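Chemist: Can you look at this prediction? I've put the sequence above it.
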Amino acid sequence: MKTMPPPCSEPETGPKYWRSLEHLADTPEFRRWAEREFPSGASEWSDPVSRRHFVKIMSASFLLAGLGATGCRRPVERIYPFARMPENYVHGVPQYFATAMRTRRKALPLVVKSSEGRPIKIEGNPDPPGGNGGTDPLAQASLLSLYDPDRAMRCTRNGAGEDKKAALDFLSGLGKTPGDGGGLAFLLEQNDSPSRARLQQAVAAKYPVARWHVYEPVDLDLGRAAASLAYGAPVEPHYKLDQARVIVSLDCDFIGSEENACANIRDFAKGRALNGKDDSMNRLYAVESLFTLTGLNADHRLRVAPGMVMAVLARLALHILSPSEMDSKLEELAAPAQAHDGWIAACARDLQGSGGKSVVLGGYRLPLAGHLLVVAINEALGAVGHTVEFHPTAAAREGTLAELAAALHAGQVRTLVILGGNPAYNAPADLNWAQAQARAGTVIRLGYYQDETSWNPSAHPGAQWDLPMAHYLESWGDARMADGTLAPVQPLIEPLFGGMTELEVLALIGGLTPSSPYEIVRETFRSIGGEGEDDWRKFLHDGFLAGSAAGAASVRHDPATWKRAIGGLKAAPAPTKESLDVVFYRDSKMDDGRHNNNGWLQELPDPITKLTWDNAVLISPATAKELGVFTERSRQNQKFFNSRVEVTLNGRKISGPVWVQPGMADHTIGLALGYGREKTGRVGAGAGFNAYKLRAADNMHYASGASVKNTGDKSYELATTQSHWSMEGRPVVREANLEQYRKDPKFARRMKPEDPPAVSPLYPNPLDTTKARGLHQWGMSIDLNRCVGCSACMIACQSENNIPIVGKEMVGKSREMHWIRLDRYYAGPVEDPQAVAQPMLCQHCEAAPCESVCPVNATSHDDEGLNVMTYNRCVGTRYCSNNCPYKVRRFNFFDYNRRPLDHQHLYRSPLVAQTDGEWELMRWLKNPDKGNLPEDQWQLARLVKNPDVSVRMRGVMEKCSLCLQRIEQAKIAARVKARDSDHIRLSEKEGTVPKTACQQACPAEAIIFGDISDPESGVSRARERERSYQVLEFLLTKPRVTYLARVRNPNPEMPDSKEHPLPRTTDEFNKGAFFPGEGAEEPAGKGAP
Amino acid sequence: MDGRAAIKVEGPPAELERVPLVGNQRGPGWLSDHIAGVVEGKAPGWWKISFAISVAMMTVCFAMILYLMSTGVGVWGLEHPVMWGWAIVNFVWWIGIGHAGTLISAILFLLRQKWRTSINRAAEAMTIFAVMCAGIFPLIHVGRIWYGWWLFPIPNSNGVWPQFRSPLMWDVFAVSTYFTVSVLFWYMGLIPDLAVMRDRAKTKIRKIGYGLFALGWTGSNRHWSHYEKAYLILAGLSTPLVLSVHSIVSLDFAVSQLPGWHTTIFPPYFVAGAVYSGFGMVLTLLVPLRRALKLEDIITVRHVELMCKVTLATGSIVGYSYAMEFFIAWYSGNPNEQFLFLRNRAADPFIIGPLFHVPPAPYWWAFWTMVTCNVVVPQFFWFKKIRTFMPAVFALSILVNVGMWFERFVIVVTSLHRDFLPSNWGYYGPTWVDVLQYMGTFGLFFTFFLLFIRYIPLIAIAEVKGVTPQADPHHPLGGAKVGGGH
């Protein structure tokens, strides 16, 4: 799959053949080009770095033609075809390279598909131990950021553009400054990169008194600090959730917002696999204040205020730790959770009864003492060694942001180097970072965007250099995966805008040689992976260093640590209407704000709230009622018009729209971080409000004492992709408890609402006859028991199939284009509901209702059972969508691919408008493909497109094709391989059946695609499982996509254990008993969803 | 025997005397003068004002089409899952209106309903213009209007051939056939009158213009004999079309699998509704016109009454159909259909909703507007006082049209907005472009209709004369005894 770049021989120099018309004409330009470019290129072909240049030329061929002329500060260059084609390279055949994307400290191993030099699709690397090729939405979407037209594109000094050379000179000038580094301070992000650690050491050796600080606005690394303290050695916890039978999450959204979520999902889903009724599955208890994905997947969920989580933990400890370890402080802390004692005691018994195959997880909002207690409980459970290991790690030596701010205010920092991050936006409000930064004489800032931390004329720092940061797909680097395995970060493309990497800047400032990131990484690798060139090449090829995973450290737990730590804790007061608790949480899409300008992520619905393009003040229905701040829904269209409230915390205020969220703890408000950016790109501008403005250094993750005031403004529009929240008692997602499933394995098939009518259809189904011709019969099975609702499939599909984003206004009109969506339904009481997620995509019905109503044959069946769309044929009557019972077809109401997405541009007729100073009609006449995007957006927007999938124009219906392009490529490959034989059938056994994009991205392996005519295939076996069912089977559409019913595993001893999962009793929703005012019919109406 | 006096045959008693179809014993001469006078006289002030307004609105219609075509269907309020909105509602509504004309001219002709002669010309013109307005919507509602011709079976190098299983294809044929035959039928009937206009013309242009279209009509026996045969044949041809066109339009819905659409009752129910709305529109047009153009002797109160009765009859059929839909939804036991009828349509916040313990349907107001206008309103026509009181008839006829518009809205939108999977549910509303587009088609309609009034005799002169008592040579006033002149 992954191919090493071919070594290129010396290019041909003899003028036997002319290489271009210019060559033939022998123009001066050509001669200059030949003299300058070619020899320098030639000298580097034999260089080990040759790949970069190979890639550079290929990528440039796409970029430069357009970019050069448009004032994007790139010189015009002419690009010529290969004089001699590199070996193994075939035009149009994509290549795959292994790399890795940093998450926080850890990294996700990836394989990136590159077409003609452009990275166009990100996949997980399945090869590292335990890997399954899954990714998360952030990794999938990071591709779009590479081609972001708003990213930082040039070096600037005090806001004025500078040559990159000048910047490099300045940096190396710094590196030559003699001295001990007094007044020099570095502010870094968390990163386990061995190369960075090495450079840090080298720089620190040169400048021993330089300050080093690390800041992450959402620090997910508390577990490491706690473990290091508890074991007296630098270690970090590594969870093996696949081993765990009982998992208790204490405000730890390990499926969603914690570090290594992708690996966690993979391992968690392994424990949920049910192949038959005798299989056992893990059990998840979640204690949380917000409704998170972990809560959605939990078998038991305890909804408590954020401050109460510590009390629950303490009470859990009371039940689990041996009496000898008890202390009165613990009892004092546990007192507020008295009311939940039945729940906690049963949970504790379950934990203890699983013989070490259990684990307790603490989330990043817990105090350090809480994490210490979690370590102690895991020790007491005997989990250490089974479900949790402690891996040796580097000791954290860097200072905090608060210390750095203090030093800045004290005038102790002359030169401040900020590598990544955006402290001016996300530093705690009480640090006054913008002022602090201005106190530094010189600021050197490496950033991906021109953002809040960039040169700010009103702040007047002495001098500030802003350097554009390279995307990880443009960078050399190294990283550690969740289990400590070393992974390379290697570029697939020359930095588009001359971006630099952290390593490069560190090396330059430290005056180290070599300063080329490649050399740095290569050098680091020598000490870890061996000297040999072959080792290095294998490392790059495989994308990981086999055997470099960290092993369990042999350390001894010191129980005294947690006792000391809890000494200083006070039991949190229960929040009230006047004094609310505020939870600041890491957004599942924006992270801490770093992905703010990524359109795919902005438009990805939040897995729980289904909100796009915004954050909101999340509030429980009861509290919303108490405070009188219901969500009010306008009857005019699909929009939600919401009350805007003002949240006051310690004198700081923000205002934002209210979102009533079932399942939230009462008297608690949730604020997603990462929105409300003041300086961001065209995509992120105007999205949401900035919750950082409320956050102080002493309460980074939750705070109490907030008050909410209704501003009376009810005009704020929130765009959501799902406005109805209940299943209305319809068996769309079928669910049973494990016990019921064992008694009645075929429960899902029995849950169909009515028997299909015994009528023969009006027309003979064409597929019945053409099926015989098909070599394969494609189908898909989705295991709802494994699916956790992470949404990676949605972005993977968007990336693979060139699905446009449509903007907030269009989402508000339900015009989003996602081919696969995640339906989320609630059931049960609105205050404390259960939730389920269901991926919904074209069901590829054998008797497809869409097909018979299309007047132009634009949608039809192929003989392999795929319902295919012929875009060129579609005139856009939209009848197919009306007749689709699953409503999975998506219509291009506007030319989303070729127009700016705001109201002004989408709704503006090109007959009366101008773009770039030219009448749009004229532009269209000159080049109909170009659309009305400004030139810079247009040039970059097309680079991200998958060349194998046509880009749809307006007026055309589109929908999931089950990645037809992948199937066809696989078939072509099989035919090429088969040569004269007739062995052209794809077979799963031989590994020739392709994976769909959603399947490949799914870390939970919930999606299985394959050939249902092959009885051995995974999908055939899945369809035969007892849990297999079709959605809306009574319509006789015979979907090729089937679902495996969900099974919950409640503990019968628990006080909240229910005989049935709640979706079966949704009558309660229907009767409207749970929604104040309006009733459940429009749960999003007044009051609640 | 001889002495026996001749038995005096008494005429029927006065209350059984047929009311003459033309009032005030108006003779043929008066009829010709009066009807042609509308065309020949000076344009009245109200005509000029209405025409100016109509042309302005028609311009809006074309401007909206241009905007839509250049920008995208997104300028309308359509959304997932309601992919058909006002455009299809308007299409079906206009097509329905286009029903009365051909029904009056063809079916009533075959049934020897002589009263049709006073209204058939205007009703047929209305049909043609209504079908034109209707035809605009399916054409422009497609996403790629410039490929709309792919719906026609035109051999082309793209190899794109229509898919005849789709009801939209049937629509194309049904509507275009209906339009063609209606135009032919209308034009056929016009020929003798055009000849009248030609003969009366005083200017050269009128002579040539009317002469050209009169096709050399001289009124000879031979002409009349051919004419009447042809008229009968066309009437025979049109009759099934009256039934087929709206049946087929209804199949657009009935063939789908969507609850609320997938119903076998649709074809007859749609035809009844169409006739109902068609007569409503004829009343809306003719009640003010007969007054403005002083045609009360030709379009008499009796005509209006008769039309009211047809409206009452068809309105009651429509009401019955509504009831049947509910019955079938309940009787079939199909939960999706029951959900739709109760919770997407009928459940209002005051009576039905609380009665069934369900929250109000999002579009309950549309449903109840429809029921009020289509079931309750026609019941007023049981009363002769109302049938003969023109302002009331006019007002009720407008409500009939409002009701029928809402019927289509209820069918199209309420069925789509909440179907099988609750995650899809949405709420549809129009944009200003939808509204102006609809208003614009009124401009188109009235522009043509006003031109028709001014340039073509709006009442079939020859046919009306044929049903006057004077047309009977044995009638005391018959032949050329009084008045005379032709």
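Modeler: Looks like it came in fine.
Chemist: All the helices of the stretch 1-150 of chain B, residue numbers only.
Modeler: Under the criterion DSSP state H, counting those that start in this stretch, the stretch 1-150 of chain B contains helices at B:28-40, B:45-71, B:86-97, B:99-102, B:108-110, B:120-141.
Chemist: of all the ones you listed, which lies closest to chain A?
Modeler: Closest of the helices of the stretch 1-150 of chain B to chain A is helix B:45-71, at 4.6 Å (criterion: C-beta to the nearest C-beta). Yep, even glycine has a C-beta here, placed from its N, CA and C like the rest.
Chemist: got a list of what A:Tyr825 touches?
Modeler: For A:Tyr825, the contacting residues are A:Trp725, A:Ser726, A:Met727, A:Val732, A:Val733, A:Ala835, A:Val836, A:Gln838, A:Pro1063, B:Pro422, B:Ser423, by C-beta atoms under 8 Å, 6 or more residues apart in numbering or on different chains.
Chemist: just B:Gly74 next, same as before
Modeler: By C-beta under 8 Å, 6+ apart, B:Gly74 lies in contact with A:Met810, A:Arg815, A:Phe893, A:Phe894, A:Leu906, A:Tyr907, A:Arg954.
Chemist: Show me the least confident stretch of the helices of the stretch 1-150 of chain B, going by mean pLDDT.
Modeler: Mean pLDDT across the helices of the stretch 1-150 of chain B is lowest at helix B:99-102; the value there is a mean of 83.
Chemist: still on that earlier bit, can you narrow the contacts of B:Gly74 down to the ones near chain B?
Modeler: Residues of the contacts of B:Gly74 in contact with chain B (C-beta under 8 Å from any C-beta of the partner chain): A:Met810, A:Arg815, A:Phe893, A:Phe894, A:Leu906, A:Tyr907, A:Arg954.
Chemist: which one of those residues is nearest chain B?
Modeler: Nearest to chain B among the ones next to chain B among the contacts of B:Gly74 is A:Phe893, at 3.1 Å by C-beta to the nearest C-beta.
Chemist: pLDDT score assigned to the closest residue to the closest one other than its chain neighbours?
Modeler: In space, and not counting its chain neighbours, A:Phe893 is closest to B:Gly74: 3.1 Å by C-beta to C-beta, 6 or more residues apart in numbering or on different chains. On the pLDDT scale, B:Gly74 is placed at 93.
Chemist: quick one: the residue of the stretch 751-900 of chain A at minimum distance from chain B and A:Asn932, what's the gap?
Modeler: Here the stretch 751-900 of chain A gets closest to chain B at one residue, A:Gly876, 2.0 Å apart by C-beta to the nearest C-beta. Distance, A:Gly876 to A:Asn932, by C-beta to C-beta, to the nearest Å: 20 Å.
Chemist: Name the residue in those two with the higher neighbour count.
Modeler: A:Gly876 (26 against 21; other C-beta atoms under 10 Å in any protein chain shown).
Chemist: re the thing from before, out of the contacts of A:Tyr825, which is nearest to A:Pro1052?
Modeler: Closest approach between these and A:Pro1052, by C-beta to C-beta: A:Pro1063, at 19.1 Å.
Chemist: quick revisit: isn't the residue of the stretch 751-900 of chain A closest to chain B right up against A:Glu958?
Modeler: No: applying C-beta atoms under 8 Å, one finds A:Gly876 not in contact with A:Glu958, separated by 10.6 Å.
Chemist: Would you map the helices across the stretch 151-300 of chain B?
Modeler: Under DSSP H, counting those that start in this stretch, the stretch 151-300 of chain B gives helices at B:167-200, B:204-214, B:221-254, B:266-292.
Chemist: just so I know, which of the ones you listed lies nearest A:Asp150?
Modeler: helix B:167-200 (43.6 Å).
Chemist: Averaged pLDDT, the closest one. What do you get?
Modeler: Mean per-residue pLDDT for helix B:167-200: 92.
Chemist: in the stretch 101-250 of chain A, which spans are strands?
Modeler: Secondary structure of the stretch 101-250 of chain A (DSSP state E, counting those that start in this stretch): strands at A:107-115, A:118-124, A:155-157, A:160-162, A:184-188, A:211-214, A:235-239, A:246-250.
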